[in-house]
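Asks: got a predicted model here, sequence first, then my questions.
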Amino acid sequence: MAQSPASTTNVATLGCRALLLAPFALMFIAFQIIPMIWVAINAFYVEEDEAWGIGNFVEIFQDAFFMQSFGNSLWLSFWSAFLGLIIASFAAASLQKVPSRLCEWMVSFTNMTSNFSGVPLAFAFIIILGFNGSITLLLKQWGLIDGFNVYGIQGLFLIYVYFQIPLGILLLFPAFGALKPEWEEAARTMGASRLDYWRRVAVPVLLPALLGTFTILYANAMGAYASAYALTVGNYNLVTIRIGQLVVGDIFFQPNLAAALSCLLILILGFVTATYRWLLRKSYHVA
């Protein structure tokens, strides 16, 4: 049976689109899929025994130092994502109220600052909030701070929240823009207060976006490496720093143990994502 000209055109169009996607697919396979397969396979090879097994995972769970790294990363990621989400929510809501030209400028500025991370961000924090930083010396002179250490957990928490906020604003800005002014006017007409409107109308509508943004911010913090390493020189115990040091091999070169740590990190992020999907379905069901 001969094909019609329309079906032939559709097949040709699909072929052209697939051909255009081929470079992206090759890059994705080369830099995402293949490294992930390598990590998953090598995580089960124990170098000390020269045999395959779960020895690397057993060593991780029995080592208090490795377990502390997971605890520190989970704590830092959760609270930086939570605080970053709160600040970003207020900022995204406020941007909806400013004039359009100023709003466009602020969104562009936020987009630029969202890319300011890694070693440059750590260097900026050292200059500003280090032991001899400009703001640190000024606050000490005024007697406002005492015992602040930018190179420890306090500085890490600040730097994590700092790079979470712009990303959170960019992710939440469209969601807050979807809130129609008529909804608040209708709620106020029916006797609802401003708090009632946000609690019963706005927040349920924004809940999927808030959950999704929190998940992305959490994953962003869990996978952060350059900023934390540059700020603490690897002296603070985080999972990403442990993986980096095991791969670089300054003291011990154990890439298979690093692969096992990476697998556990992937499992944690997968669990967070699955939890987000479950909460998302629950929120839609309630709505």
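Replies: Arrived safely.

Asks: tell me how far the ends of stretch 190-197 are from each other?
Replies: 10 Å (CA to CA, to the nearest Å).

Asks: not counting that stretch itself, show me its contacts.
Replies: The contact list for stretch 190-197, computed with CB atoms under 8 Å, 6 or more residues apart in numbering, reads Trp183, Glu184, Ala187, Arg188, Arg200, Val201. The way it works is simple: take the backbone N, C-alpha and C, and place the C-beta from them, glycine included.

Asks: try it again at 10 Å.
Replies: For stretch 190-197, the surrounding residues in contact (CB atoms under 10 Å, 6 or more residues apart in numbering) are 179, 183-188, 198-203.

Asks: just the residues you listed: which has the poorest pLDDT?
Replies: Minimum pLDDT for those is recorded at Glu184 (78).

Asks: and that one, how many neighbours does it have?
Replies: Counted with other CB atoms under 10 Å, residues neighbouring Glu184 total 16.

Asks: could you pull up the residues touching it?
Replies: Ala192, Arg194, Tyr197, Trp198, Val201, Ala202.

Asks: ranges for the helices of the chain?
Replies: 5-28, 34-42, 55-62, 64-95, 100-113, 119-129, 134-142, 153-177, 181-189, 194-197, 203-222, 226-232, 239-248, 255-286 (DSSP state H).

Asks: with distance to Asp49 added, can I get the ones you listed in TSV?
Replies: Below are these laid out as TSV (distance: least, CB to CB, whole Å):
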stretch	distance to Asp49
helix 5-28	35
helix 34-42	14
helix 55-62	6
helix 64-95	18
helix 100-113	48
helix 119-129	38
helix 134-142	50
helix 153-177	36
helix 181-189	63
helix 194-197	62
helix 203-222	30
helix 226-232	30
helix 239-248	17
helix 255-286	11
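
Asks: and of the contacts of stretch 190-197, the nearest to Gln68?
Replies: Relative to Gln68, the closest of those is Val203; by CB to CB it sits at 36.0 Å.

Asks: skip the chain neighbours and tell me the closest residue to that closest one.
Replies: Closest residue to Val203 apart from its sequence neighbours, by CB to CB, 6 or more residues apart in numbering: Leu210 at 7.8 Å.

Asks: tally of neighbours for the one you found?
Replies: 20.

Asks: next one: the one 4 residues further on
Replies: Look at Phe214: counted by other CB under 10 Å, it has 22 neighbours.

Asks: can you report how many residues lie near the residue lying closest to it once chain neighbours are set aside?
Replies: Using CB to CB, 6+ apart and skipping the chain neighbours, the partner closest in space to Phe214 is Leu85 (5.2 Å). Residues lying near Leu85 (other CB under 10 Å) number 21.

Asks: same thing with Ile169?
Replies: Count around Ile169 with other CB under 10 Å applied: 26.

Asks: state the distance from it to Cys263.
Replies: Using CB to CB, to the nearest Å, Ile169 is found at 33 Å from Cys263.

Asks: and the gap between the spatially most central residue of the chain and Ala91?
Replies: Centroid-nearest residue in the chain, with CA atoms, centre = their mean: Asn220, separated by 1.8 Å. The gap separating Asn220 from Ala91 is 17 Å, by CB to CB.

Asks: what are the buried residues along stretch 104-116?
Replies: With burial defined by 16 or more other CB atoms under 10 Å, the residues of stretch 104-116 counted as buried are Met106, Thr110, Thr113, Ser114.

Asks: which residues of the chain score low on pLDDT?
Replies: Within the chain, the stretches with pLDDT under 70 are 1-12, 14-15, 146-147, 249-251, 282-287.

Asks: ok, back up a step: isn't the residue nearest to the centre of the chain right up against Leu170?
Replies: No. Using CB atoms under 10 Å, Asn220 is not in contact with Leu170; the gap is 11.9 Å.
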